[in-house]
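Colleague: compute the structure for the input listed below.
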Amino acid sequence: TMQETWSIFNVNYDYAAWRKNHKHTFTSEGRNDMRDIITSQLLFQCPVPKELRQLVRSGVTVRDEDDWATLFVDLVTVRTPIRYGPPNVFFPPWYKEFQSYPSSFDPVREWGHDYVLPRIRDSGRWENIPICKPTHLTYPRFLSKVVEGNAQQTNTTGQKNTNNDQTWRIPFWGSKRSQKKKAKKKPLRLMACTWTSTDYFTRGGRYHVKDGMRRLREWIHFHLMVGFQHIVVYDNSASATNNLQPVTDLFPEDVTRVAWPAKVCNNNPSHADSPGERSSQYAAESSCLLRFGPYTDWMAGLDIDEYLVPMGNETTLLPLLDKLDEEGEKILSFRSMRSWPRRALLEDPIPIQDATACKSRNKCFDVRIPTNTTFLQAYNCEQEKGGRKSKSKQAPAEKQLYRPDYVKMHFVHYSTVTELSAANKSVFHRLSGGHPWWSPLIQDLGARFSNDTTEATMLHAKALARQDTANWEEACLENGQSSICRIGTPYPTEGGKNDTVNAEGVRYNCWVHERIERFFVPNLVRSMTAQRNGTASKLISRRPMRQKSSQLLQCRHVHKKVMTGNGNRYNSVFLSTSMHVRGLPCDAFVLWVASWRGNLGCSFVALGNSAVSYCTKMSFSKIELLILSKVTTFFATKVSNWVLGELQKWTCVEEVVCLGTGRGV
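Modeller: Model prediction:
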């Protein structure tokens, strides 16, 4: 059977263009139409006929045995006026207060009384487009996460939420008033989407970047570590065999891979007659927002060289989301400024003397990060001290955390259409709590920038092209002729305030973010190492980490031996700074518990006096626990639980991580 429904645009593009003060929705030349942040994505819905909705919702219209659709849709074009004139000429009645009279579009005046639309069967069309399964059935990994989230809602402290009241508070912008809105709690608090590939060419084919798999693995580890509960990877790899699946398969419960082979229309540089655009990326971002957005409170669209780093006293982004909800904010922006790769952490440069490759008569080199160094650490050299990205130094772009139920359309860096910007005047007043109306709407009332020092910051570890290293030896010297040195030489943490060059005469040009270096890099390394070794670190308790003073970070080897009292060769408890054990960060210590018979009681009598005093004195806030036991599995388990119970009594300890155990535990 064939049934017909009218398509519905997700947003009114004419009104969105008018609210942005555009003089027209489209242009006759068409040069920038597809690059415009409003018209880059023409989204519309195809309503399913009422009697077919349950079939489509259940997924039975797609055969499981061969993934073959049995239900299809044809898209038939209907003639509408060309949008070359002022946008408010074409407004529908809902925006009648802004219509341009008397010049509003009149189909009779335009086409006459005798114009008849062609019959559907005689119209041009895109036909036989298969109707796929719904999102949660198409991607079973995501379904398992959603089911788990619905079954066990958790709060930011990791405790099970037993509150069955399914209401949330939605404050108004510009007003302290709030109201209760009935809504079903979403299974996820925070998720991310990324459009990436194994390799790619930068605009104009300027440089071939080939580190996609390595970067993606590290990027996933980091963002799962800081509170993202699920990540969707839109895999734009050109090959069906050489793709990112080996990486995404490492995270079976936390990552969903979407095969996304769609190509960009062109990759020309931005100054070309036909400038390049990222049509594949735009479509992937819209897909993620529409398909996965309904399952999460907050989401972000990030590249795999962008790291959202919690600041202040927090180790995850989840408390920040709670703060934003209390404030009534819907969008949080991060200024994006690229960091420089640190010369001391790069492989030794191999000079290239090739004018074509270097785009210069000077020598250049390929920037390579050693395999035992993370991109996060190698690029931890920011252009402004402490991660601050001041308004005075204009950031070239931004990225956002946003609520998908509020943002109707997102364009890589910006929320282009929101619930508020799409509202007419009366609805705007209601949503904004009586905020004065104005047009154009430049800044959304539900958006603000993150505080880079107290809330969260973005580190942009953008790959440095070979051409950008040309003449690096000369450019980075104190008396170099070039004003830009893109190879990082960080300012020293200690030294004279007026120091500008190091002992070799190389200019300082960036700052190491100490919190990233001291806390997040080691934890990232530990997470990746645990996965590589086939062991997973289990978080026993998590509370906000205290900020350490600089003198406490200058720790050295510290040992403390406590007798267990049973006289065995396994009779010591060693307390050591992590610099001494396994290269862990020195603001934590590792507790090694070794026991032949599990006789740990007298050990902790001494531990309660000596270890706690060390903990307080050194401001340790993390314990790495390794239990080595040759007792039975049952008894070793009881010992482990008892040890953890004692550790949780130490008020100076804020985090306990179980690295692994011996026999049977």
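Colleague: and residue 403, how many neighbours?
Modeller: Other residues lying near residue 403 total 23 when counted by other C-beta atoms under 10 Å. All C-beta spots, glycine's among them, are computed from the backbone N, C-alpha and C.
Colleague: so residue 117 sits against residue 76, correct?
Modeller: No: applying C-beta atoms under 8 Å, one finds residue 117 not in contact with residue 76, separated by 10.1 Å.
Colleague: neighbour-wise, which of the two wins?
Modeller: residue 76 (16 against 9).
Colleague: for the more buried one, list each beta-bridge partner.
Modeller: For residue 76, the beta-bridge partners are residue 125 (DSSP bridges).
Colleague: and stretch 62-76, which residues are buried?
Modeller: Within stretch 62-76, the residues that qualify as buried are 62, 73, 76, counting by 16 or more other C-beta atoms under 10 Å.
Colleague: what's the span of that stretch from first residue to last?
Modeller: Start and end residues of stretch 62-76 are separated by 23 Å (C-alpha to C-alpha, to the nearest Å).
Colleague: and for that stretch, what's in contact with it?
Modeller: Outside stretch 62-76, the residues that touch it by C-beta atoms under 8 Å, 6 or more residues apart in numbering are 7, 46, 52, 55-56, 61, 120, 123-133.
Colleague: from residue 16, how far off is residue 50?
Modeller: Going from residue 50 to residue 16 by C-beta to C-beta, to the nearest Å gives 30 Å.
Colleague: neighbour-wise, which of the two wins?
Modeller: residue 16 (23 against 9).
Colleague: now that one: phi and psi?
Modeller: phi -60, psi -40 (degrees, to the nearest 10).
Colleague: my read: it touches residue 415, true?
Modeller: No: using C-beta under 8 Å, residue 16 is not in contact with residue 415; the gap is 11.5 Å.
Colleague: common neighbours of those two, please.
Modeller: Counting by C-beta under 8 Å, 6+ apart, the contacts common to residue 16 and residue 415 are residue 409.
Colleague: re earlier: in strands only, show me the contacts of stretch 62-76.
Modeller: 125, 126, 127, 128, 129, 130 (DSSP state E).
Colleague: and of the residues you listed, the nearest to residue 467?
Modeller: Relative to residue 467, the closest of the ones in strands among the contacts of stretch 62-76 is residue 126; by C-beta to C-beta it sits at 41.8 Å.
Colleague: and that closest one, what is it in contact with?
Modeller: 74, 75.
Colleague: cool, and the one 3 residues further on?
Modeller: Contacts for residue 129 (C-beta under 8 Å, 6+ apart) come out as 72, 73, 74, 75.
Colleague: residue boundaries of the strands in the stretch 301-450 of the chain?
Modeller: Here the stretch 301-450 of the chain has its strands, by DSSP state E, counting those that start in this stretch, at 306-310, 331-336, 397-402, 407-411, 414-418, 447-449.
Colleague: redo those as a markdown table? Include mean pLDDT and mean neighbour count.
Modeller: What follows is the strands of the stretch 301-450 of the chain, written out as a markdown table (pLDDT from 0 to 100; neighbours: other C-beta atoms under 10 Å):
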| stretch | mean pLDDT | mean neighbour count |
| --- | --- | --- |
| strand 306-310 | 96 | 23 |
| strand 331-336 | 93 | 23 |
| strand 397-402 | 91 | 21 |
| strand 407-411 | 92 | 23 |
| strand 414-418 | 90 | 23 |
| strand 447-449 | 93 | 17 |
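Colleague: which of the ones you listed sits closest to residue 502?
Modeller: That would be strand 306-310 among these, by C-beta to C-beta, at 26.4 Å.
Colleague: would you put the C-alpha positions of that closest one in CSV?
Modeller: Taking Å, rounded to 0.1, in the frame of the first residue of the first chain, the C-alpha atoms of strand 306-310 are listed here in CSV:
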residue,chain,number,x,y,z
GLU,A,306,39.9,18.3,22.1
TYR,A,307,40.0,17.5,25.8
LEU,A,308,37.4,18.8,28.2
VAL,A,309,39.2,19.1,31.5
PRO,A,310,37.5,19.6,34.9
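Colleague: helices and strands around it, which ones?
Modeller: Applying 3 or more C-beta pairs under 8 Å, 6 or more residues apart in numbering; DSSP states H and E, one finds that strand 306-310 contacts helix 212-225, strand 397-402, strand 456-460.
Colleague: between the ones you listed, which one is nearest to residue 323?
Modeller: Nearest of those (C-beta to C-beta): strand 456-460, 10.5 Å.
Colleague: can you tell me which helices and strands the closest one packs against?
Modeller: strand 306-310, strand 331-336.
Colleague: in its sheet, which strands sit next to the shortest one, and in what direction?
Modeller: Yep, that's strand 306-310 we're talking about. Applying DSSP bridges to the sheet, strand 306-310 is found paired with strand 456-460 (antiparallel).
Colleague: I figured residue 398 was touching residue 414, is that so?
Modeller: Yes: assessed by C-beta under 8 Å, residue 398 is found in contact with residue 414 at 7.4 Å.
Colleague: can you tell me how far the closest residue in space to residue 469 that isn't next to it in sequence is from residue 352?
Modeller: Nearest non-adjacent residue to residue 469, counting by C-beta to C-beta, 6 or more residues apart in numbering: residue 364, 4.6 Å away. Going from residue 364 to residue 352 by C-beta to C-beta gives 5 Å.
Colleague: so those two - more neighbours on which side?
Modeller: Using other C-beta under 10 Å as the criterion, residue 364 and residue 352 rank with residue 364 on top: 23 against 15.
Colleague: who's in contact with that one?
Modeller: 351, 352, 357, 358, 466, 467, 469, 470, 471, 472.
Colleague: can you name the two of the contacts of residue 129 that are farthest apart?
Modeller: 72 and 75 (10.7 Å).
Colleague: picking up where we left off before, quick one: least confident of the buried residues of stretch 62-76?
Modeller: Across the set of the buried residues of stretch 62-76, residue 76 stands lowest in pLDDT, at 89.
Colleague: residue 123 - how many residues pack around it?
Modeller: Residue 123 has 13 nearby residues by other C-beta under 10 Å.
Colleague: which ones are touching it?
Modeller: Counted by C-beta under 8 Å, 6+ apart, residue 123 has contacts 76, 77, 78.
Colleague: and which of those residues is nearest to residue 516?
Modeller: With C-beta to C-beta as the yardstick, the closest approach to residue 516 among the contacts of residue 123 comes from residue 77, at 52.1 Å.
Colleague: how near is the closest residue to that closest one other than its chain neighbours to residue 79?
Modeller: Excluding its sequence neighbours, the residue lying closest to residue 77 (C-beta to C-beta, 6+ apart) is residue 124, at 6.0 Å. According to C-beta to C-beta, residue 124 stands 11 Å off from residue 79.
Colleague: same check, this time on residue 60
Modeller: Residue 60 is 36 Å from residue 79, by C-beta to C-beta.
Colleague: which one of the two is surrounded by more residues?
Modeller: Per other C-beta under 10 Å, whichever of residue 60 and residue 79 has more neighbours is residue 60, with 14 against 11.
Colleague: where do the helices of the stretch 301-450 of the chain begin and end?
Modeller: Assignment of helices within the stretch 301-450 of the chain using DSSP state H, counting those that start in this stretch yields the ranges 318-327, 355-358, 375-378, 425-431.
Colleague: in TSV: the ones you listed, plus distance to residue 201.
Modeller: Shown next, in TSV, are these (distance: least, C-beta to C-beta, whole Å):
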stretch	distance to residue 201
helix 318-327	36
helix 355-358	14
helix 375-378	20
helix 425-431	43
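Colleague: and of the ones you listed, who's closest to residue 445?
Modeller: helix 425-431 (8.6 Å).
Colleague: how about the closest one: buried residues?
Modeller: Those would be 428, 431, for helix 425-431 by 16+ other C-beta under 10 Å.
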